[in-house]
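[1] Quick one: sequence plus predicted model below, questions after.
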Amino acid sequence: MVQTPIRQSQPVSETKTVPEKKVSKLERIKERSNFLREPLATELHEDTTHFTDNAVQILKFHGSYQQDNRDNRVKGQEKDYRMMLRTRNPGGFIPPQLYIALDDLSDRYGYGNLRATTRQGIQLHGILKQNLQATIATIIKNLGSTLGACGDLNRNVMAPPAPFKNKPEYVIAREYADKIADLLRPQTEAYYEIWLDGEKSITVEEHPDVVAARQQNSNGTLIHDSEEPIYGTHYMPRKFKMAVTVPRDNSVDAYTQDVTLVVMTDESGELQGFNVLAGGGMGRTHNKEETFARVADEIAYVDKDDVFDVVKAIVATQRDYGDRYNRRHARMKYLLHDWGVEKFRQQLEHYFGKPLQPFKSLPEWKFEDYLGWYEQGDGKWFVGVNVDNGRIYDNGTLKLRSALRQIVERFQVPMRITANQSVVLYDIKPQDKDTIQSILTNHGIVQPEDIDPIVRHAMACPALPMCGLAVTESERVIPDILGRVRSLLTKVGLQNEHFVIRMTGCPNGCARPYMAELGFVGSAPESYQIWLGGSANQTRLAQPFTERLHVNDLETFLEPLFVFFRDQRQGNETFGDFCDRLSFDALRKFSAGYDPATYRPRKKDKRHRIGVYSDTYDLLKIAVEREGRPMSQITADAVKAYVAQYLAESKST
């Protein structure tokens with residue numbers, strides 16, 4: 001077995017002796033695994049209900065987490081161990097054969113439902129250890145995979161779920177999501193040895209450029225004579241997330257990824273190259289200020305022929321210099337934060353072998369969810385179907401699971417999972433459009449325009465009862481939370497208002513709450529840290545506003561914020577922009593003095609627009625911070641005082 005050296009976290013001179021760096025226990029587990037085989041392969045066939053801790057770490061690379069149903073915990077009794085499986089499907093692509101197989105498996109071995117994830121995959125919960133091999137084997141034999149859906153390597157590569165055929169940039173984004181997923185796919189044969197007993201039943205067809213890129217060593221990005229030429233023995237320091245998108249389309253939360261590639265075409269739609277963003281990430285830990293959410297930086301532009309080399313260079317930089325001792329500090333966002341963009345770019349250029357080109361300007365981003373009907377551009381149609389919090393099941397009058405099963409089975413249409421946990425059915429023939437819509441309607445699935453926008457744009461992680469990291473509820477309580485928020489907005493006269501709300505049961509940020517206009521992050525049982533100020537198009541990081549809010553105090557907490565927003569917003573300003581514009585001190589000051597029984601909003605006079613110079617505007621921002629009053633009010637008072645003084649002086653002369 002060839003072992004890759006674990007390099008120091010800083011570049012060092014080749015003439016110096018490099019002492020072995022301390023690494024975490026998990027690095028040694030990976031090293032001893034024989035490229036993701038042991039102790040998983042041995043323990044899989046042991047008559048036990050669960051895996052040991054060491055095997056669990058290797059199991060993750062194969063796309064599964066060991067969990068237990070926390071609702072069934074009884075003191076003194078063994079936990080109700082269950083496995084969660086996650087699919088690897090770049091761009092959210094699920095062929096009809098695979099979807100039918102997953103739906104069958106959910107009944108045969110799972111809890112009778114599927115879950116669309118925020119990374120465009122499918123999760124299957126409730127698998128017993130004894131059924132795990134049969135479940136994964138079935139997925140593989142039906143054109144699916146779970147390899148690399150979890151673990152310290154590149155996760156599912158995201159792309160816009162819209163299957164446009166007449167927009168070249170979308171076709172290119174899907175194509176390169178597939179290619180990069182193949183480039184960074186683990187090369188170990190362990191996956192097929194363990195789950196198919198060595199039978200590689202499906203030959204993976206890779207693009208020749210991908211094969212060449214994996215074989216061509218460029219400036220130290222590859223590891224010679226290794227079963228894993230890109231990853232090496234120890235794989236990555238932590239999980240690594242990538243996306244490919246197009247200008248304007250932020251359906252993939254581009255700024256939350258370790259790496260996002262933005263397709264750049266010419267006026268005729270021909271691919272020219274890619275803009276590169278790097279260093280985003282959501283996970284953090286409460287009361288650990290050294291951990292934080294971070295948005296990606298603009299790194300560079302690369303020509304199309306260089307894209308695989310730059311991806312390898314970024315992966316090699318994180319592989320070789322990411323923190324392998326403190327896993328809380330191991331994501332690439334911390335490397336970028338510690339080094340700075342310029343040093344990161346210099347190391348990147350070393351592996352890349354030539355200077356990087358400047359990042360090209362982009363138009364403003366927009367969030368898209370692609371719900372409803374669209375023409376694909378080739379005579380066929382696609383339809384986006386809302387899935388509340390990603391849970392695909394039949395519930396009362398809503399028979400979502402039955403509807404999707406019937407449509408996919410009858411019409412043999414593929415689907416793509418969206419980053420907002422919904423699904424897109426596509427390649428629908430024009431003559432089938434009305435029938436499919438009738439199936440959706442008859443199964444209780446409402447039209448997108450009839451969904452409350454707050455519900456439509458919300459996301460929540462699964463949390464309890466299955467996630468071992470959850471400190472409180474998320475998916476099971478967000479419908480009630482959203483209903484209470486809507487009632488409160490109606491109460492204060494904002495019944496037509498909506499904004500992005502996201503909730504997680506712990507600070508790891510799987511539903512990306514740190515980008516929301518209003519984010520709930522589990523901090524204690526029935527309590528949440530509140531984040532405010534993200535943008536509607538998911539390009540600005542929110543900030544923590546309150547450390548712990550009990551759900552019983554939701555209305556008392558939010559009402560003054562909504563009233564302040566109602567009375568002091570500027571034009572069509574969104575709630576996230578409002579919270580970002582005002583200082584949190586101003587928000588807290590208003591909330592502290594708010595009494596719903598006595599509060600009366602100032603009568604709004606007709607407003608006239610005036611301009612100020614930049615230096616005056618900067619002074620006004622300082623005044624807002626100090627006084628906790630809206631800028632418009634401070635400006636009006638200042639002008640009024642000046643005019644009054646001017647008139648008084650004029651009268652005296």
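    That came through, no problem. Residues are numbered from 1 along each chain as shown.
[2] Okay, helices next: where are they in the stretch 401-550 of the chain?
    Counting by DSSP state H, counting those that start in this stretch, the stretch 401-550 of the chain has helices at residues 433-442, 453-456, 478-491.
[3] For the last one, name the packing helices and strands.
    Looking back up the chat, that one is helix 478-491. helix 453-456, strand 501-504, helix 554-568 (3 or more Cβ pairs under 8 Å, 6 or more residues apart in numbering; DSSP states H and E). From N, CA and C alone the C-beta is placed, and that goes for glycine too.
[4] What are the buried residues along that helix?
    478, 481-482, 485-486, 488-489 (16 or more other Cβ atoms under 10 Å).
[5] Would you mind telling me which of the helices and strands packed on helix 478-491 is nearest T256?
    Of all the helices and strands packed on helix 478-491, strand 501-504 sits nearest to T256, with 11.3 Å by Cβ to Cβ.
[6] What strands flank the closest one, and is each parallel or antiparallel?
    Under the criterion DSSP bridges, strand 501-504 sits next to strand 459-460 (parallel), strand 518-524 (parallel) in its sheet.
[7] looking at these, which is buried most?
    Mean neighbours per residue, mean count of other Cβ atoms under 10 Å, is largest over these for strand 459-460, with a mean of 27.
[8] contact partners of that strand?
    118, 389-390, 420-421, 474-475, 478, 502-504, 511-512 (Cβ atoms under 8 Å, 6 or more residues apart in numbering).
[9] Any chance of JSON lines for the strands paired with strand 501-504, columns mean pLDDT?
    Compiled in JSON lines, those are given as follows (pLDDT from 0 to 100):
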{"stretch": "strand 459-460", "mean pLDDT": "97"}
{"stretch": "strand 518-524", "mean pLDDT": "98"}
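[10] of those strands, which approaches N154 most closely?
    Evaluated over the strands paired with strand 501-504, closeness to N154 peaks at strand 459-460, with 22.6 Å, by Cβ to Cβ.
[11] which of the residues in stretch 374-391 are buried?
    In stretch 374-391, counting by 16+ other Cβ under 10 Å, buried: 374, 376, 380-391.
[12] Filter those down to the ones in strands?
    Judged by DSSP state E, the buried residues of stretch 374-391 include 374, 381-385, 391 as members of strands.
[13] And the strands paired with strand 501-504: which comes nearest R327?
    Comparing the strands paired with strand 501-504 by their distance to R327 (Cβ to Cβ), the top pick is strand 518-524, with 19.7 Å.
[14] any idea of the angle that closest one forms with helix 478-491?
    Strand 518-524 and helix 478-491 are oriented at 130 degrees to each other (axes from the mean of the first three to the mean of the last three Cα atoms, to 10 degrees).
[15] Is F274 located within a helix, as I assumed?
    No - going by DSSP: H, G, I helix; E, B strand; the rest coil, the assignment for F274 is strand, not a helix.
[16] which ones are touching it?
    Neighbours of F274 in contact, by Cβ under 8 Å, 6+ apart: 176, 244, 261-264, 301-302, 304, 307, 310.
[17] do D53 as well
    D53 makes no contacts at all, as judged by Cβ under 8 Å, 6+ apart.
[18] Quick check, pLDDT for it.
    In this model, D53 is scored at 97, pLDDT.
[19] now the one 4 residues further on
    Q57 carries a pLDDT value of 98.
[20] surely it meets E27?
    No - counting by Cβ atoms under 8 Å, Q57 stays clear of E27, with 10.3 Å between them.
[21] pretty sure D388 contacts P479?
    Yes - contact criterion Cβ under 8 Å: D388 and P479 qualify, at 7.1 Å.
[22] Quick check: neighbours shared by the two?
    Overlap of the contact sets of D388 and P479 (by Cβ under 8 Å, 6+ apart) consists of V455.
[23] With distance to M282 as new columns, can the strands paired with strand 501-504 be given to me in JSON lines?
    Converted to JSON lines, these look like this (distance: least, Cβ to Cβ, whole Å):
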{"stretch": "strand 459-460", "distance to M282": "12"}
{"stretch": "strand 518-524", "distance to M282": "10"}
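[24] and D637, which of those is closest to it?
    Closest among the strands paired with strand 501-504, once you apply Cβ to Cβ, is strand 518-524, at 30.4 Å.
[25] what's the angle between that closest one and helix 554-568?
    Using the same axes, to 10 degrees: strand 518-524 against helix 554-568 is 160 degrees.
[26] Now tell me what touches strand 518-524 from outside.
    Residues outside strand 518-524 that contact it (Cβ under 8 Å, 6+ apart) are 286, 463, 470-474, 481, 485, 499-507, 509, 513-514, 528-532, 534, 542, 547-548, 575-576.
[27] Could you tell me which of the residues you listed count as buried?
    286, 463, 470-474, 481, 485, 499-507, 509, 513-514, 528-532, 534, 542, 575-576.
[28] Burial check on D434, number of neighbours?
    9 (other Cβ atoms under 10 Å).
[29] Determine which of the helices of the stretch 401-550 of the chain approaches D585 most closely.
    Closest to D585 of these is helix 478-491 (Cβ to Cβ; 23.2 Å).
[30] who wins for most neighbours among the contacts of F274?
    Neighbour-wise, the contacts of F274 (other Cβ under 10 Å) top out at V244, 30 neighbours.
[31] Thank you, goodbye.
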